[in-house]
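Participant: Here you go, sequence then predicted model.
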Amino acid sequence: MGNYFAKFSAFGSFAPARILTNKDLEKMVDTSDEWIRSRTGMVERHIASKEEAASDLAYQAALNAIEASDVKYKDIDMIVVATISGDHPFPSTACLLQHKLGLKNVPAFDVSAGCTGFIYACDVARQYVENGGASNVLAVGVEILTKITNWTDRNTCVLFGDAAGAAVISRAEPTDISRIIDIKLDADGSMGDYLIQMAGGSRLPASHETVDANQHTVYMEGNRIFKSAVKSMYASSDELLRRNNLTSADVDWVIPHQANLRIIEALADKMKVPINKVIINIQKYGNTSSATVPLATDEAIRSKKIRRGDILLLTSFGAGLTWGSVLARY
Ligand code: UT7
């Protein structure tokens, strides 16, 4: 337990302009609009341009989040970016974002937890705020997976889209109703091979051979991951609720990772949460990895579905494998 409480001050998001539809994909690989809709719930996704990199999307989402908050730029005192498709292997995308925002002398670093990255970033932010080490942390989830997609592999190329989502996580005043109640993180490295970018690191450095073998793109064993996705998001959400003496009936909105509509529906079913209390935007964006949860939360706030005081359960799952959930009163 820290000295203070942390809260979500505001959210922001951004998606690039270009849209790729299921119909467009029909012309690229052996797939169909019907298969993609019925197996995933996806209809279209946004794709970054050649010129756009992760820090560009992160910058727009960060601006939106800071503008929606009552926090001044100069009062942001830490930046945490969750990404597995940053501008470069190094330096961190967080440092590039710090420079774009014109902020100086604030710590900035990336976290790598696949699609669970934003949940991990929230916990890092929360820990600093609760312990008094920071007052206003910018936590971002950003991904341009379409630049590390194998566009000849129908098993993966229909799934991903590009976007960024951001939150300003601030110290809560004793009078605030808003508060991050609790966060649960988890990981199981034994299943790392199921979702992996094989080459480009120290295990398999970049070479002509790795490029020819498509080893710099996303490899995923989708159906192996499907079952663990439901099980693990349920487990961390259930534990969070239990240890805070709440049940799923107390939750106003569940905001799950948007990887597959069937996963989302199975999770809602297992949690006994009616589907109209679940935020879903997978049809418009596909799987934007670490950006799905803050993007969906931001959209739901801006459309006035989510209101101040609502109990939110954010939950995600991804490469690592990693998973985790955030319980908060917005
Ligand atoms: O965000 C990180 C975490 N990721 C996830 O949580 C993803 C979890 N997994 C999934 O969402 C699903 O497993 C997928 C959407 C990836 C795949 O759906 P599935 O129902 O598990 O399909 P499958 O992989 O078992 O494949 C079923 C069939 C296969 O054909 P055969 O072998 O039965 O003839 C595939 O070749 O569907 C075929 N298929 C396709 N057909 C048309 C696979 N991709 C496509 C496609 N279009 N794009």
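Facilitator: Right, received. Where do you want to start? Numbering: from 1, shown residues only.

Participant: wait, doesn't residue 95 sit right on residue 108?
Facilitator: Yes - the pair residue 95 and residue 108 qualifies as a contact (C-beta atoms under 8 Å) at a distance of 4.9 Å. (Glycine included, C-beta is placed from N, CA and C.)

Participant: what does the protein have sitting close to the ligand?
Facilitator: 31, 35, 39-40, 115, 154-155, 158, 222-223, 225-226, 229, 259-260, 263, 287, 317-318 (C-beta under 6 Å from any ligand atom).

Participant: Tell me which residues touch the residue in the stretch 151-300 of the chain positioned nearest to the ligand, please.
Facilitator: Per C-beta to the nearest ligand atom, residue 222 is where the stretch 151-300 of the chain lies closest to the ligand, at 2.6 Å. The neighbourhood of residue 222, defined by C-beta atoms under 8 Å, 6 or more residues apart in numbering, consists of 155, 156, 159.

Participant: same thing with residue 127?
Facilitator: Contact analysis of residue 127 by C-beta under 8 Å, 6+ apart lists 2, 133.

Participant: Shouldn't it be within a helix?
Facilitator: Yes - assignment of residue 127 by DSSP: H, G, I helix; E, B strand; the rest coil places it within a helix.

Participant: Please determine how far it is located from residue 166.
Facilitator: According to C-beta to C-beta, to the nearest Å, residue 127 stands 18 Å off from residue 166.

Participant: since we're on the residue lying closest to residue 100 once chain neighbours are set aside, how many residues are nearby?
Facilitator: Ranked by C-beta to C-beta, 6 or more residues apart in numbering and with sequence neighbours excluded, the top spatial neighbour of residue 100 is residue 59, at 4.6 Å. Residue 59 has 20 neighbours, counted by other C-beta atoms under 10 Å.

Participant: Let me know whether residue 59 touches residue 101 as I believe.
Facilitator: Yes - under the criterion of C-beta under 8 Å, residue 59 makes contact with residue 101 at 6.9 Å.

Participant: does the spatially most central residue of the chain sit in a helix, a strand or a coil?
Facilitator: Residue closest to the average C-alpha location in the chain (C-alpha atoms, centre = their mean): residue 290, at 2.5 Å. Local secondary structure at residue 290 is given as helix here, using three-state DSSP.

Participant: In contact with it, which residues?
Facilitator: 82-84, 113-118, 121, 141-143, 316, 318.

Participant: Is it possible to mark the buried ones in those residues?
Facilitator: Of the members of these, the ones counted as buried by neighbours, 16 or more other C-beta atoms under 10 Å, are 82-84, 113-118, 121, 141-143, 316, 318.

Participant: so of the residues you listed, which ones are in helices?
Facilitator: When helices are assigned by DSSP state H, the members of the buried ones among the contacts of residue 290 inside them are 117, 118, 121.

Participant: Not counting residues beside it along the chain, what's closest to the first one?
Facilitator: Excluding its sequence neighbours, the residue lying closest to residue 117 (C-beta to C-beta, 6+ apart) is residue 82, at 2.7 Å.

Participant: The one you found reaches residue 125, doesn't it?
Facilitator: No - counting by C-beta under 8 Å, residue 125 is not a contact partner of residue 82; they are 10.5 Å apart.

Participant: Give me the common contacts of those two.
Facilitator: Common neighbours of residue 82 and residue 125, counting by C-beta under 8 Å, 6+ apart, are residue 139.

Participant: Flag the shaky bits of the chain, pLDDT-wise.
Facilitator: Low-confidence regions of the chain, defined by pLDDT under 70, span residues 1.

Participant: in it, which spans are strands?
Facilitator: Counting by DSSP state E, residue ranges of the strands within the chain are 5-14, 18-21, 44-47, 78-82, 108-111, 136-144, 162-172, 179-187, 195-197, 218-220, 253-256, 311-318, 322-329.

Participant: If you count neighbours, what's buried in stretch 65-84?
Facilitator: By neighbour count, and taking 16+ other C-beta under 10 Å as the criterion, the buried residues in stretch 65-84 are 65-66, 68-69, 71, 76-84.

Participant: can you tell me which two in those are farthest apart?
Facilitator: Of all pairs drawn from the buried residues of stretch 65-84, the one with the longest distance (C-beta to C-beta) is 71 and 84, at 27.4 Å.

Participant: Now for the nearest residue to residue 149 once chain neighbours are set aside: which residues touch it?
Facilitator: In space, and not counting its chain neighbours, residue 149 is closest to residue 157: 5.2 Å by C-beta to C-beta, 6+ apart. Neighbouring residues of residue 157 by C-beta under 8 Å, 6+ apart: 25, 28, 29, 149, 150, 151.

Participant: Centre of the chain to the helix of greatest length in the chain, how far?
Facilitator: Ranked by residue count under DSSP H, the longest helix found in the chain is helix 222-243. In this view, helix 222-243 has its centroid 16 Å away from the chain centroid, taken as C-alpha atoms, centre = their mean, to the nearest Å.
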